[in-house]
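1. take a look and give me a structure for this.
(2 chains)
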Amino acid sequence: GAVVSQHPSRVICKSGTSVKIECRSLDFQATTMFWYRQFPKQSLMLMATSNEGSKATYEQGVEKDKFLINHASLTLSTLTVTSAHPEDSSFYICSASPPSVVPPYSGNTIYFGEGSWLTVV
Amino acid sequence: EDKVVQSPLSLVVHEGDTVTLNCSYEVTNFRSLLWYKQEKKAPTFLFMLTSSGIEKKSGRLSSILDKKELFSILNITATQTGDSAVYLCAGRGSSGTYKYIFGTGTRLKVLA
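-> Numbering: from 1, shown residues only, chains lettered A, B, ... in the order given. Predicted structure coming up:
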């Protein structure tokens, strides 16, 4: 079964509105989750590290006011794309890692959510 | 700046062929390297490599790490059309969190 769940899998929103994407770790508590963005035929680009109970750490070039990250519990991180524009249309994907080796999962390994396709019209 | 580079960027082979995908990395205080397979959605985990020279194997797939030369290879033998995907490798340093830097990926297409 899924280790990390992401919702929604697809969302279409109007330009100027905000959209929230949720990432949940199902079988373990994750103090840290990661948010990636992937454009068609390109690799995963790390956007930010979501830290439970504290501020997210953003990668260089990622606008923290535009991509709001909240990690309110040990199993849930949310990414909110604020004032979305068509150029924000992309595949957003989160990941989390079990804190240790918990069979059948490997420690030190990241597991991805199913990803969310965002289309801004 | 940490980086991970994969080659080739794309590859087309016929069923039954053997392919080797390359991943070179420059990661500060390197800890581990992961290989993933991505089809239409989220990447699925293949291998984690931490020690040099120890081959990881799963069916027709195998991978090995060379920490001296800073690279890893992923081999797929007797390729099948179902192996068509993008293969990603990612390196992790010792930042204390599971922060991985991904390579550009290799797009593999296996023709029947």
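2. what does the least confident helix or strand in chain B by mean pLDDT contact?
-> Using mean pLDDT, DSSP states H and E, the weakest-scoring helix or strand in chain B turns out to be strand B:100-102, at a mean of 86. Under the criterion C-beta atoms under 8 Å, 6 or more residues apart in numbering or on different chains, residues A:34, A:36, A:43-46, A:110, B:2-4, B:25, B:27, B:34, B:88-92 lie in contact with strand B:100-102. Backbone N, C-alpha and C define where each C-beta goes, glycine included.
3. kindly recompute the last result at 10 Å.
-> The contact list for strand B:100-102 (C-beta atoms under 10 Å, 6 or more residues apart in numbering or on different chains) reads A:34, A:36, A:38, A:42-46, A:95, A:97, A:109-110, B:1-4, B:6, B:25-27, B:31-34, B:36, B:43, B:88-93.
4. where does chain B dip in pLDDT?
-> With pLDDT under 70 as the threshold, chain B has low-confidence stretches at B:94-98.
5. chain A contacts on that one?
-> Proximity of chain B to chain A, by C-beta under 10 Å from any C-beta of the partner chain, involves residues B:1, B:4, B:6, B:9-10, B:31-32, B:34, B:36, B:38, B:40-45, B:47-48, B:50, B:86, B:88-90, B:92, B:95-105, B:107.
6. count of residues packed around residue 52?
-> Went with chain A since none was named. 17 (other C-beta atoms under 10 Å in any protein chain shown).
7. actually chain B
-> Counted with other C-beta under 10 Å, residues neighbouring B:S52 total 12.
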